[in-house]
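Engineer: give me coordinates for this.
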Amino acid sequence: MKELLRTTDPVKIALATALLEGEGITAFQLDVHMSILEGSLGILPRRLMVAQRDLFLARAILSDNGIGPE
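Structural biologist: Predicted structure coming up:
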């Protein structure tokens, strides 16, 4: 698994996941439950991971839709 996106914006993560799933790319979110430790302040970023073989295409899909790293 390779990191595709790291952000504190849950809407950006949801949009990126939907775009990737629409193209048949499986994405996995890490650090989703860290809000318990941070007190739901949204200061700890979530990571979106994809398989190594899908990384190039996934980056292109996000870039074409205006989603990039923070």
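Engineer: which of the three states applies to L48?
Structural biologist: Three-state call for L48 (DSSP: H, G, I helix; E, B strand; the rest coil): strand.
Engineer: for it, list each beta-bridge partner.
Structural biologist: L5, Q29 (DSSP bridges).
Engineer: which residues are in contact with it?
Structural biologist: When contacts are counted by C-beta atoms under 8 Å, 6 or more residues apart in numbering, L48 touches E3, L4, L5, R6, T7, I13, A16, T17, A27, F28, Q29, L30. All C-beta spots, glycine's among them, are computed from the backbone N, C-alpha and C.
Engineer: how about 10 Å then?
Structural biologist: Contact analysis of L48 by C-beta atoms under 10 Å, 6 or more residues apart in numbering lists 3-7, 12-14, 16-17, 20, 27-31, 58, 62, 67.
Engineer: also Q52?
Structural biologist: Per C-beta under 10 Å, 6+ apart, neighbours of Q52: M1, K2.
Engineer: is it fair to say I67 lies in a strand?
Structural biologist: No: looking at I67 with three-state DSSP, it is coil, so not inside a strand.
Engineer: all further residue positions should be reported with the first residue as 445.
Structural biologist: All set: I'll call the first residue 445, so the last point we hit is now I511.
Engineer: distance of it from F472?
Structural biologist: 17 Å (C-beta to C-beta, to the nearest Å).
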